[in-house]
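S.K.: Okay, predicted coordinates and the sequence, questions at the end:
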Amino acid sequence: MTGKIDVERLWRGWQRGPFHDLVTMELDTWDAAKGEVTFRLPFKHGYKRTAHEEGYHGGVLASVIDIAGDFALAIKTDKLGFPTIDLRVDYLRMAGDGDLTVMARTVKAGRTIGVADVEVIDARDRLCAVGRGTYATAAG
């Protein structure tokens with residue numbers, strides 16, 4: 001079931017969505033057989049929660065968790081984007097200014113439901129947020 005999809009091509013296509021103009025993630029590593037993927041999120045001033053204080057806005061972290069979880073499931077199943085059913089985010093600490101690393105791992109790739117866990121690490125190598133996305137994998 002895995003290994004058929006061209007992961008880099010899939011990511012290039014994924015990035016054409018208008019939302020990706022706002023949140024720019026760079027695909028770093030992946031393992032399609034395991035359904036694991038790592039992204040880098042280069043820092044942008046527009047991601048800050050306030051103009052004059054350090055730290056990412058939580059909405060940015062939630063967005064990258066959703067995208068990374070969905071993409072991990074996509075490469076595991078050789079299917080394209082799945083609608084999000086549920087997204088849980090635990091903010092463990094403020095993500096400091098700097099590039100982020102986002103790691104997603106497929107937990108379940110079922111006929112109707114898929115689940116992925118995601119971790120967000122800041123530039124100081126601190127775990128800042130964890131998330132779990134649940135996605136509808138059934139067609140229609």
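M.R.: Looks like it came in fine. Numbering: from 1, shown residues only.
S.K.: moving C-terminal of the longest helix seen in the chain, what's the next helix or strand?
M.R.: Taking DSSP state H as the criterion, the chain has its longest helix at helix 58-77. Downstream of helix 58-77, the first helix or strand assigned by DSSP states H and E is strand 84-91.
S.K.: Going by residue numbers, what spans are strands in this structure?
M.R.: With strands called from DSSP state E, the chain shows them at 26-31, 36-41, 84-91, 100-109, 113-121, 127-136.
S.K.: will you turn the ones you listed into a markdown table that also has distance to Glu53 and mean neighbour count?
M.R.: In short, each C-beta sits where N, CA and C put it, glycine included. As requested, those are exported to a markdown table (distance: least, Cβ to Cβ, whole Å; neighbours: other Cβ atoms under 10 Å):
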| stretch | distance to Glu53 | mean neighbour count |
| --- | --- | --- |
| strand 26-31 | 26 | 15 |
| strand 36-41 | 19 | 21 |
| strand 84-91 | 16 | 14 |
| strand 100-109 | 17 | 21 |
| strand 113-121 | 19 | 22 |
| strand 127-136 | 15 | 20 |
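S.K.: Turn those strands into JSON lines, including mean pLDDT.
M.R.: Listed next are the strands of the chain as JSON lines, based on pLDDT from 0 to 100:
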{"stretch": "strand 26-31", "mean pLDDT": "96"}
{"stretch": "strand 36-41", "mean pLDDT": "97"}
{"stretch": "strand 84-91", "mean pLDDT": "98"}
{"stretch": "strand 100-109", "mean pLDDT": "98"}
{"stretch": "strand 113-121", "mean pLDDT": "98"}
{"stretch": "strand 127-136", "mean pLDDT": "98"}
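S.K.: Alright, that wraps it up for me.
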